[in-house]
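S.K.: okay, structure incoming, though there's no sequence with it:
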């Protein structure tokens, strides 16, 4: 907020300088006009400062490893990372800061990207649900979370007998202080990525892939299901559920929690009545991700949280994306911009007001000059 105020003070001084050059004469009239215009301008600045989505919310702080900064394409790689982090910051309003280290190194397994979020915590079902309920009560605009909570009785672990394994960054967002996830995202340096859009049919979408991994850092996708981790022999996760396992169904009222490739499962926040998106049931990908749906090279139906990636551009990550609903269901709150019909940016509105002020001053100068010529000013 202090930085924003500083920027607006600079704009105000700039306006004063411009006015000084525009109206070198008629000091008395100029001062009165300046007083009125600056009063109006300051009100606009105050109104701008009161727009919460412009200055508060999720902050993702990227750290670029030397494998990026020393790369010949460092500026393009960093730009893609900044674009992806900005997308999530625009969508989610939770006031939490998440540090993420980014690397650009080869992956022996051929994966496009990979992330390592070391900290997962065991928490009882009742404690976790209490955190979500408290968060929901404090953030009524998150209607998806309220709906999900109302239907937990139809999902996995409805009896509350098992614990959950929850990402440290998600717990931090829910108000549990402690050590957040030690998050590292690696972009496979051996794969043909496009670091800007539009993405060619033979390239992978780096921005969409980074958004995929950032979702996992925040608690959706990846470790949000314990099925993979237990299958891989990580005993900490066995006997527990992940955050989105609570929303995994095979039919209305029938929860799904299996690694069987022949099973059909989907994510739902209203007890399985409405399918948000089909869940992945292939153990070669994350069970918390979506069933792969690739397009024809243009990215059609290629969702951000697909379990496997295809070449071409991903669909845009917006407030209408299934990923957005799943994020809301674990406590990430929507910004006003994510929910509303797009409106002009507050900065655009401020610029328009600035231009209008200058136009009025120019017109006033002409009027005063004509009056002076007629002797009206004495």
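M.R.: Sure, I can see it. Bear in mind that the values here come from a model prediction, so they are computed numbers and not experimental data.

S.K.: what secondary structure does residue 147 sit in?
M.R.: helix (DSSP: H, G, I helix; E, B strand; the rest coil).

S.K.: how about it, nearest residue that isn't a chain neighbour?
M.R.: Leaving out its chain neighbours, the residue that sits closest to residue 147 by CB to CB, 6 or more residues apart in numbering is residue 269, at 5.3 Å. The C-beta positions use only the backbone N, C-alpha and C, and glycine is treated the same way.

S.K.: burial of that neighbour, as a residue count?
M.R.: Neighbourhood size, residue 269 [other CB atoms under 10 Å]: 27.

S.K.: surely it and residue 329 touch.
M.R.: Yes. At 5.0 Å, residue 269 counts as touching residue 329 under the criterion of CB atoms under 8 Å.

S.K.: shared neighbours, those two?
M.R.: Common contacts of residue 269 and residue 329, defined by CB atoms under 8 Å, 6 or more residues apart in numbering, comprise 144, 148, 247.

S.K.: ok, so of those residues, who is nearest residue 87?
M.R.: residue 144 (18.5 Å; CB to CB).

S.K.: against residue 237, how distant is that closest one?
M.R.: 26 Å (CB to CB, to the nearest Å).

S.K.: could you do residue 154 as well?
M.R.: 23 Å.

S.K.: show me where pLDDT drops low in this structure?
M.R.: 1-56, 117-118, 178-179, 181, 295-301, 341-378 (pLDDT under 70).

S.K.: can you rerun that using 90?
M.R.: Applying pLDDT under 90 to the chain flags residues 1-56, 108-111, 113-119, 177-182, 201, 292-302, 308-311, 339-378.

S.K.: mind jotting down where the strands sit in it?
M.R.: Here the chain has its strands, by DSSP state E, at 59-64, 97-105, 113-117, 120-124, 163-167, 183-188, 193-194, 204-205, 248-251, 254-255, 266-267, 277-278.

S.K.: got the buried residues for stretch 135-143?
M.R.: Using 16 or more other CB atoms under 10 Å as the test for burial, stretch 135-143 gives 135-136, 139, 142.

S.K.: and the residues you listed, which is closest to residue 227?
M.R.: Looking across those and measuring by CB to CB, the closest to residue 227 is residue 135, at 25.4 Å.

S.K.: residues touching the closest one, list them.
M.R.: 142, 145, 174-175, 331.

S.K.: residue 245 contacts residue 152, correct?
M.R.: No. Using CB under 8 Å, residue 245 makes no contact with residue 152, being 11.5 Å away.

S.K.: higher neighbour count, those two?
M.R.: Between residue 245 and residue 152, residue 245 has the larger neighbour count (other CB under 10 Å), namely 25 against 19.

S.K.: quick check: the residue sitting nearest the centre point of the chain vs residue 335, distance?
M.R.: Central residue of the chain (CA atoms, centre = their mean): residue 88, 1.3 Å from the mean position. Using CB to CB, we find residue 88 at a distance of 10 Å from residue 335.

S.K.: ok, now residue 257?
M.R.: Distance from residue 257 to residue 335, by CB to CB: 32 Å.

S.K.: same question for residue 75.
M.R.: 28 Å.

S.K.: so those two - more neighbours on which side?
M.R.: residue 335 (21 against 12).

S.K.: surely that one and residue 92 touch.
M.R.: Yes. The criterion here is CB under 8 Å, and residue 335 meets it with residue 92 at 6.5 Å.
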